[in-house]
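Asker: Coordinates for the following, if possible.
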Amino acid sequence: MQKIIIGLAGQKGAGKGLFVEFLSEAARKRNLTVQQFKSSDILTEMLNIVGIVAERANLQTLASLLVSGFGNGVISEAVRVKMEKSPADIVIARRGARGRRAAAAFARCSEGCGTGVKNRKKKIFLSANLKPKKKRRRKTLFLK
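Answerer: Below is the predicted model:
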């Protein structure tokens, strides 16, 4: 079976994690494995290696330094390489979208928009009412 690669983006609280949980459960029932990758994982790993606390400010600083030193897309490229090396049957590049402009840009994008997923791969954008999760009624996600 060819590896399935999914680019997943959405606003905070949109249900990206829930989508991954449902997909992982459905995949397990079919003896398939799922692994997700986030750009923050790459940054966290780098900070941990050098013994720096992986807090938001440090993640942002490192991301800015990488982009300014090596150009846009350097972090996404690192995610793409890790995804290709993954033994999982289904790999997910997971990206948060901050605000409506970012959400709209991702929805229009044909190049994966920072998920590292391009061309013939699947790209999914999740949007949700941004009420607190506990107050939001969860809808069942049916996977074919």
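
Asker: Who are the packing partners of the host helix or strand of residue 69?
Answerer: Element membership for residue 69, per DSSP states H and E: helix 56-70. Counting contacts by 3 or more Cβ pairs under 8 Å, 6 or more residues apart in numbering; DSSP states H and E, helix 56-70 packs against helix 39-49, helix 74-85. Heads up, the C-betas are built off the backbone N, CA and C, glycines and all.

Asker: Just the buried positions in stretch 81-91, please.
Answerer: 82, 83, 86, 88, 89, 90, 91 (16 or more other Cβ atoms under 10 Å).

Asker: Then stretch 7-21?
Answerer: For stretch 7-21, by 16+ other Cβ under 10 Å, it's 7, 8, 9, 10, 11, 13, 14, 15, 16, 18, 19, 20.

Asker: Determine which two of those residues are furthest apart.
Answerer: 7 and 13 (19.0 Å; Cβ to Cβ).

Asker: circling back: out of the buried residues of stretch 7-21, name the ones that lie in strands.
Answerer: Counted as lying in strands by DSSP state E, out of these, are 7, 8, 9, 10.

Asker: ok now do residue 50, which residues does it touch?
Answerer: Listed by Cβ atoms under 8 Å, 6 or more residues apart in numbering, residue 50 has no contact partners.

Asker: Now do residue 31: how many residues are near it, please.
Answerer: 7 (other Cβ atoms under 10 Å).

Asker: got a pLDDT number for it?
Answerer: Predicted confidence (pLDDT) for residue 31: 96.

Asker: again, but for residue 15
Answerer: 81.

Asker: Check residue 70 too.
Answerer: 93.
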